[in-house]
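In: The sequence and its predicted three-dimensional model are supplied below.
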Amino acid sequence: MRRFLPIFLLLIFPVAFLACASKKEVARNPYTSPSAAPGKPSLLQTCLDKVFSLFPKNKKPPVATPPQWTGVIRMVNSAENFALIESNAISTAIPGETYLVVGKGVETATLKMTSLKNPPFLIADILSGTPSVGDKIYLPKFPSPTPAPTPDAKPTPKPKPTPKPKPTPKPKPTPKLKPTPKPKPTPFASPPPTGA
């Protein structure tokens, strides 16, 4: 143990010296010693702040957000495999999404929301589990998986790429026309007729 102490001290002093030697501004700490000049922290405080800034601080763990309840189950028809849900926020119900059902703190079923609604009621198909009257439903944060294509469905053909249009040829420049010369008067021309 005593053998490692000098090595540790030799390693820590250069780090502390380099941390104190930088010109970085430090915000005024109200807990600095009273002997420090106003507006400037003490040399010891500055060095300690820089040494401790080299070590990362523990980050706070993320806070779990409670689920946003979409509604409450008011009726279950197990013969036709659907449930009637009463909801105050019908606009939050997304048709086609998979919702989870929670009863007595336990997940009891999964529902798939339909587009059928008659405010304040919604209808959802039961995918799995056995929901009960009074259970609450919510949309989990993760997106529902996309349904796998059925074997009967034909794959949609890819659109053919449109051919590139041919560039239009540049028009040929028109030749410059020479002005037509005025006819020269002939010496034997007859005078214009007068209206007498």
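Out: Right, received. Where do you want to start? Here the structure is a predicted model, which is why all the values come from computation and not from measurement.

In: Please count neighbours and contacts with C-alpha atoms only from this point.
Out: OK.

In: who does the top strand by length along the chain touch, helix- and strand-wise?
Out: As assigned by DSSP state E, the longest strand anywhere in the chain is strand 106-118. Secondary-structure packing of strand 106-118 (3 or more Cα pairs under 8 Å, 6 or more residues apart in numbering; DSSP states H and E): strand 98-103, strand 121-129.

In: right, so of those strands, which gets closest to Thr168?
Out: Nearest of the helices and strands packed on strand 106-118 to Thr168, taken as Cα to Cα: strand 98-103 at 54.9 Å.

In: Outside of that closest one itself, list whatever touches it.
Out: With Cα atoms under 8 Å, 6 or more residues apart in numbering as the test, strand 98-103 has contacts from 107-113, 131-132, 134-140, 144.

In: that older thread, could you point out which of the helices and strands packed on strand 106-118 sits nearest Ile7?
Out: Judging the helices and strands packed on strand 106-118 by Cα to Cα, what sits closest to Ile7 is strand 98-103, at 59.7 Å.

In: Helix or strand for Val133, just tell me which one.
Out: Assigned by DSSP states H and E, Val133 falls within no helix or strand.

In: quick one on the thing from earlier: give me the angle between the longest strand of the chain and strand 98-103.
Out: Computed by axes from the mean of the first three to the mean of the last three Cα atoms, to 10 degrees, the angle separating strand 106-118 from strand 98-103 equals 120 degrees.

In: Strand partners (parallel or antiparallel) of strand 106-118?
Out: Take DSSP bridges as the rule and strand 106-118 pairs in its sheet with strand 98-103 (antiparallel), strand 121-129 (antiparallel).

In: Surely Lys50 forms part of a helix?
Out: Yes - counting by DSSP: H, G, I helix; E, B strand; the rest coil, Lys50 is found in a helix.

In: thinking again about what came up before, looking at the longest strand of the chain now, give me its mean pLDDT.
Out: In this model, strand 106-118 has an average pLDDT of 90.

In: Tabulate the strands paired with strand 106-118 (a markdown table), appending mean pLDDT and distance to Pro173.
Out: As requested, the strands paired with strand 106-118 are arranged in a markdown table below (pLDDT from 0 to 100; distance: least, Cα to Cα, whole Å):
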| stretch | mean pLDDT | distance to Pro173 |
| --- | --- | --- |
| strand 98-103 | 92 | 68 |
| strand 121-129 | 93 | 72 |
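
In: Compare those and give me the one nearest Leu54.
Out: Among those, strand 98-103 comes nearest to Leu54, with 45.8 Å by Cα to Cα.

In: OK, contacts around Thr180?
Out: Thr180 sits next to no residue when contact means Cα under 8 Å, 6+ apart.

In: If you count neighbours, what's buried in the longest strand of the chain?
Out: 107-114, 117 (16 or more other Cα atoms under 10 Å).
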